[in-house]
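Participant: Structure for this input, please:
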Amino acid sequence: MPANSATDRYLRTAAARLGIQLAYWDVAGSLRPASPEAVRAVLEALDVDPAAPPPPVEPVAVAWGGRLRLRVRTNCQHAGCWVRSEDGQEAAWWRLPLVPRGGGVQLLSIPQTLPFGVHEARVELEGESHGCVVLSAPSRLSAGRGGWGVFAPVYALWSHPDQPVGDFADLAELAGWVAAHGGELLSTLPLLPVFPHDPSPYRPISRGIPAPQLAQAHGIPACRDLRITGRSAGAGGGPASAGVISRPRPCPGMTRRTEL
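Facilitator: Residues are numbered from 1 along each chain as shown. Next up is the predicted model:
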C-alpha cells in the first residue's frame, strides 16, 4: 500500500476503535508502531470494513472484577440490559442510566457483580437489541504460596542398562521423589507418539495415545527379551549408528492403547 498520511490515519482510527494494538515496546526499549500494511491486514483478517460505522455495542467486553461497563454509541439517556451467565442464570435491567463519555460514546454500568466466566449480554437501545460476549475475569490474581518442581525429559531418565531412553516407570519414580521431598510440580516434554523420520514431540502422530516407545518394555511379557544389539554400520558404508533395538518377536503390548 503506498504511503499516504490520510489513509494511515484513517486505518489507525478504525483499528483503535476496535481495540487493536497499534504499537509495542521491544526488548531494547524502543517503540515499534505497526505499519499501515500490518493494520490493514489485521482489519481484513477480522473481516472488518474500516469505512463502516462502529457498532452501537462492543461485540466483546471484559468485566474486570466482575464489574461490567459497556461502551455504547447512542443518543438516548437510558438502556436496557439482559445477561445470561454461563451457568444459565439470567438477570435483566430495563432503565439503566447512560453516562456520556464524549465522541458519541456513553457508558452503561451493570449494578450487579458478575461471576467469573464467559457470559452472554444483550443491550436494548432505542428498540433494537445488540449482542455482546462478556468475559468476566479477576482484576488481580493472588500471589499464593511459593513452591518448587522439576523439569526433566523422559528420555533422560533411563534406569535400565538395556534401554536407550527413560520410560513412564522412570517418570513415575521421579514424581515420587519430587513429592517425597516437598515438590509440587513435575514437568516434561509431550508424551505422544512420533514419526520415526521426524521425532519431534511437537509433531505427534496422535494426541489420543501415549508414546509407545516410552512404555516400560521390560514389564511387558511379549517384550522381555527386547535388547540393544550395539552399533551397526550405516547405509552405504557410512558411519555406524548407535543403540539399534532388536525385537526377536513382535511386541503387541507396545502398540495397544495404554491408560496412564
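Participant: ok, Gln213 to Pro201 distance?
Facilitator: Applying CB to CB, to the nearest Å, the value for Gln213 to Pro201 is 11 Å. (C-beta placed from N, C-alpha, C; glycine too.)
Participant: what's the closest non-adjacent residue to the residue sitting nearest the centre point of the chain?
Facilitator: Using CA atoms, centre = their mean, the residue of the chain that lies closest to the mean C-alpha position is Tyr202, 14.9 Å off. Nearest residue to Tyr202, sequence neighbours excluded (CB to CB, 6 or more residues apart in numbering): Pro190, at 6.5 Å.
Participant: next one: Pro33
Facilitator: Ala23 (4.4 Å).
Participant: contacting residues for that neighbour?
Facilitator: Applying CB atoms under 8 Å, 6 or more residues apart in numbering to Ala23 gives the contacts Leu31, Arg32, Pro33, Ala34.
Participant: let's see 10 Å
Facilitator: The contact partners of Ala23, taken as CB atoms under 10 Å, 6 or more residues apart in numbering, are Arg12, Leu31, Arg32, Pro33, Ala34.
Participant: pLDDT-wise, what's the bottom of those?
Facilitator: Across the contacts of Ala23, the member with the lowest pLDDT is Arg12, scoring 79.
Participant: Check which residues of the strand or helix carrying it are buried.
Facilitator: Using DSSP states H and E, Arg12 maps to helix 5-17. Within helix 5-17, the residues scored as buried using 16 or more other CB atoms under 10 Å are Asp8, Leu11, Arg12, Ala14, Ala15, Arg17.
Participant: Can you convert those residues into JSON lines and add a column each for distance to Ala61?
Facilitator: JSON lines is the format used below for the buried residues of helix 5-17 (distance: CB to CB, whole Å):
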{"residue": "Asp8", "distance to Ala61": "28"}
{"residue": "Leu11", "distance to Ala61": "24"}
{"residue": "Arg12", "distance to Ala61": "22"}
{"residue": "Ala14", "distance to Ala61": "19"}
{"residue": "Ala15", "distance to Ala61": "18"}
{"residue": "Arg17", "distance to Ala61": "14"}
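Participant: re the thing from before, quick one: the residue nearest to Pro33 and Ala38, what's the gap?
Facilitator: 11 Å.
Participant: Ok, Arg203 next?
Facilitator: Taken as CB to CB, the span from Arg203 to Ala38 is 29 Å.
Participant: neighbour count winner among the two?
Facilitator: Ala38 (14 against 11; other CB atoms under 10 Å).
Participant: Which of the three states applies to the more buried one?
Facilitator: Assigned by DSSP: H, G, I helix; E, B strand; the rest coil, the conformation of Ala38 is helix.
Participant: got the contact list for it?
Facilitator: Contact analysis of Ala38 by CB under 10 Å, 6+ apart lists Leu11, Ala15, Ile20, Leu22.
Participant: Val83: neighbour count?
Facilitator: Per other CB under 10 Å, the neighbour tally for Val83 reads 22.
Participant: no, scratch that, I was asking about Arg122
Facilitator: Neighbour count of Arg122, defined by other CB under 10 Å: 15.
Participant: what are the phi and psi values for it?
Facilitator: The phi and psi torsions at Arg122 (degrees, to the nearest 10) take the values phi -130, psi 130.
Participant: Common neighbours of Gln213 and Pro201, please.
Facilitator: With CB under 10 Å, 6+ apart as the test, Gln213 and Pro201 both reach Val154, Tyr155, Pro193, Val194.
Participant: Out of those, which comes closest to Ala92?
Facilitator: The shortest approach to Ala92 among these belongs to Pro193, at 51.5 Å (CB to CB).
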